[in-house]
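# Got a sequence here, can you build the structure:
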Amino acid sequence: MCDSLFLYLSYNIINSDVYMSTTYTVRLPRQLKSKMDKNPQDWSEEIRNFLQERIKQIELLNTINQIEPRAEERKTIADSVTLIREDRER
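Residues are numbered from 1 along each chain as shown. Next comes the predicted model:
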């Protein structure tokens, strides 16, 4: 017999203003499934929310990783003492 059980999740996909749902299967260790059974929650909703937040984090990191090299290219080094003196002379 298998050491893990299947947990069936459905997650939401919004595509062109049409609400669609699909099923995603995850294999869980029996011990984890047992703990989930002892602590009743809406596990589908919990996992769905976790996945949505995690996707947001990953997308944000990807955006930062794309922007960072371009920002490094634009970085300028300025001598603050010189800038202050020039400003005072005006």
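
# make it CA atoms for all contacts and neighbour counts henceforth
Will do.

# for the chain, which spans come out with low pLDDT?
Applying pLDDT under 70 to the chain flags the ranges 1-19.

# residue ranges of the strands in it, please?
4-15, 18-29 (DSSP state E).

# What pairs with the last one, parallel or antiparallel?
Partner strands and pairing direction for strand 18-29 (DSSP bridges) are strand 4-15 (antiparallel).

# what about residue 45, neighbour count?
Using other C-alpha atoms under 10 Å, residue 45 is surrounded by 13 other residues.

# Going forward, the N-terminal residue is numbered 761.
Fine by me, first position is 761 from now on; the one you just mentioned is residue 805.

# residues in contact with it?
With contact set as C-alpha atoms under 8 Å, 6 or more residues apart in numbering, residue 805 has no partners.

# mind checking how far it is from residue 797?
15 Å (C-alpha to C-alpha, to the nearest Å).

# most residues in a single helix of the protein, which one?
helix 803-834 (DSSP state H).

# tell me how far that helix is from the chain's mean position?
4 Å (C-alpha atoms, centre = their mean, to the nearest Å).

# Can you list the buried residues in it?
For helix 803-834, the buried set under the neighbour-count rule, 16 or more other C-alpha atoms under 10 Å, is empty.

# same deal with stretch 784-804?
Here stretch 784-804 shows residue 793 as buried, counting by 16+ other C-alpha under 10 Å.

# Extract the CA atoms of it and return them as PDB.
Coordinates of the C-alpha atoms in stretch 784-804 are reproduced here as PDB (Å, rounded to 0.1, in the frame of the first residue of the first chain):
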ATOM      1  CA  TYR A 784      -4.700  19.800  -9.000                       C
ATOM      2  CA  THR A 785      -3.700  16.600  -7.200                       C
ATOM      3  CA  VAL A 786      -1.100  16.600  -4.500                       C
ATOM      4  CA  ARG A 787       0.400  13.500  -2.800                       C
ATOM      5  CA  LEU A 788       0.600  13.900   1.000                       C
ATOM      6  CA  PRO A 789       2.300  11.700   3.600                       C
ATOM      7  CA  ARG A 790      -0.300   9.800   5.700                       C
ATOM      8  CA  GLN A 791       0.900  11.500   8.800                       C
ATOM      9  CA  LEU A 792       0.200  14.900   7.400                       C
ATOM     10  CA  LYS A 793      -3.300  13.800   6.200                       C
ATOM     11  CA  SER A 794      -4.000  12.400   9.600                       C
ATOM     12  CA  LYS A 795      -3.100  15.700  11.200                       C
ATOM     13  CA  MET A 796      -5.300  17.500   8.800                       C
ATOM     14  CA  ASP A 797      -8.200  15.200   9.700                       C
ATOM     15  CA  LYS A 798      -7.700  15.900  13.400                       C
ATOM     16  CA  ASN A 799      -7.800  19.700  12.800                       C
ATOM     17  CA  PRO A 800     -10.800  20.300  10.600                       C
ATOM     18  CA  GLN A 801     -10.500  23.300   8.400                       C
ATOM     19  CA  ASP A 802     -11.500  24.200   4.900                       C
ATOM     20  CA  TRP A 803      -8.200  22.800   3.700                       C
ATOM     21  CA  SER A 804      -9.000  23.500   0.000                       C
END
